[in-house]
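Engineer: sequence plus the predicted model coming up.
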Amino acid sequence: MDLTQDAFLGGKLQIWQPARGYRAGVDPVILAATLPAQAGQSVLELGCGVGVASLCVGARVAGVSMFGLELQREYADLARRNARENDANFTVYQGDLLEMPMDLRLQRFDHVIANPPYFDRNRGTASDHKARELAFGEITPLSDWVSAASKRLKPQGYLTIIQDAVRLPALMAALDDTLGSLQIQPLTARAGRPAHRVILRARKGGRGDFRLLAPLVMHEGDSHDGDRDSYRAEFRAAFRHGEAIDFSAD
């Protein structure tokens, strides 16, 4: 497998990932930046890939214990390497979320995060690259991702998922009655445009009202302007310095 080593958070993290196939972009960084994790808490990432989201959480919040589950052995091995070379407290398990390793099934976590595959394979064409297809094409239904996450949460723990906006109905339908205090945070590339991503947060045993938050706009201006960086200040700070993106967890 050909690899590249890529800088995240302005070089704070150096991440090995495959040169071809699924490659981490901004979505796992945004997922990490919106997580209200605190020192002393534990975070489980389902489908952790090479570990970008978890490692970004650890770079921002000292004293967090991070755990990951990844189906593809090559990616799990890279996540372990990235944890080791970035000196991160990140334990990675290789396995299926429907048949988790026993050590993982015996644990409960303050947070579970996930960036599930975005595309419903009943409505699209599969990639000819196996690793990319497993990362982007849904094989395990969203309901199984949510169920697995709910079982691993402590009481009052948070589930946080980033997903393509067109999958929001399926994602909400996948929630079970153990998850409440639901918040939906739309993300849009530019002001006035439809949301292209959503972040869903729910709390185990939560009883708060449903909240549909105002969209977070990622870029300045009405259109792309050459090659310059057009990210708004809060996203630029998250991408370059690993700072938090405000997403109320009331």
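Structural biologist: Structure received. All values derive from a computational prediction rather than experimental measurement.
Engineer: CA atoms for contacts and neighbours, from now on please.
Structural biologist: Will do.
Engineer: now do the helices in the protein.
Structural biologist: With DSSP state H as the criterion, the chain has helices at 27-33, 52-60, 73-85, 102-105, 130-136, 142-152, 168-173, 233-241.
Engineer: out of those helices, flag the one nearest Leu13.
Structural biologist: helix 52-60 (7.8 Å; C-alpha to C-alpha).
Engineer: ok so, going back, quick one, which of the helices of the chain is nearest to Ala39?
Structural biologist: Of those, nearest to Ala39 by C-alpha to C-alpha is helix 52-60, at 9.6 Å.
Engineer: before we move on, back to that, name the stretch among the helices of the chain that sits most buried.
Structural biologist: Counting by mean count of other C-alpha atoms under 10 Å, helix 52-60 has the highest mean neighbour count of those, with a mean of 26.
Engineer: and that helix, what does it pack against?
Structural biologist: Applying 3 or more C-alpha pairs under 8 Å, 6 or more residues apart in numbering; DSSP states H and E, one finds that helix 52-60 contacts strand 13-18, helix 27-33, strand 42-46, strand 65-70.
Engineer: could I get the ones you listed as a markdown table with distance to Gln163?
Structural biologist: What follows is the helices and strands packed on helix 52-60, written out as a markdown table (distance: least, C-alpha to C-alpha, whole Å):
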| stretch | distance to Gln163 |
| --- | --- |
| strand 13-18 | 21 |
| helix 27-33 | 9 |
| strand 42-46 | 13 |
| strand 65-70 | 18 |
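Engineer: out of the ones you listed, nearest to Gly221?
Structural biologist: Nearest of the helices and strands packed on helix 52-60 (C-alpha to C-alpha): helix 27-33, 20.2 Å.
Engineer: on that earlier part again, closest to Leu216 out of the helices and strands packed on helix 52-60?
Structural biologist: So among the helices and strands packed on helix 52-60, helix 27-33 is nearest, using C-alpha to C-alpha, at 11.1 Å.
Engineer: what is the mean pLDDT for stretch 184-196?
Structural biologist: Stretch 184-196 carries an average pLDDT of 96.
Engineer: kindly check the end-to-end length of stretch 12-21 for me.
Structural biologist: 24 Å (C-alpha to C-alpha, to the nearest Å).
Engineer: count the neighbours of Asp2 for me.
Structural biologist: 7 (other C-alpha atoms under 10 Å).
Engineer: do I have it right that it meets Ala19?
Structural biologist: Yes: between Asp2 and Ala19 there is a contact at 5.5 Å, judged by C-alpha atoms under 8 Å.
Engineer: what ranges of this structure fall below the confidence cut-off?
Structural biologist: For the chain, applying pLDDT under 70 flags the ranges 119-138, 224-228, 248-250.
Engineer: mind running it again at 50?
Structural biologist: Scanning the chain with the threshold set as pLDDT under 50 gives 121-138, 249-250.
Engineer: nearest to Ala233 among the helices and strands packed on helix 52-60 would be which one?
Structural biologist: helix 27-33 (13.4 Å).
Engineer: rewinding a little: mind checking which of the helices and strands packed on helix 52-60 is nearest Asp144?
Structural biologist: So among the helices and strands packed on helix 52-60, strand 42-46 is nearest, using C-alpha to C-alpha, at 11.2 Å.
Engineer: okay, angle between the lengthiest strand in the chain and strand 42-46 too, please.
Structural biologist: Using DSSP state E, we find that the single longest strand of the chain is strand 153-164. Strand 153-164 runs at 40 degrees relative to strand 42-46, counting by axes from the mean of the first three to the mean of the last three C-alpha atoms, to 10 degrees.
Engineer: which elements pack onto strand 153-164?
Structural biologist: helix 27-33, strand 109-114, strand 197-204.
Engineer: ok, it: who's next to it in the sheet?
Structural biologist: The pairing partners recorded for strand 153-164 under DSSP bridges are strand 109-114 (parallel), strand 197-204 (antiparallel).
Engineer: kindly reformat those strands as a markdown table containing distance to Arg190 and mean neighbour count.
Structural biologist: Formatted as a markdown table, the strands paired with strand 153-164 follow (distance: least, C-alpha to C-alpha, whole Å; neighbours: other C-alpha atoms under 10 Å):
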| stretch | distance to Arg190 | mean neighbour count |
| --- | --- | --- |
| strand 109-114 | 24 | 25 |
| strand 197-204 | 12 | 23 |
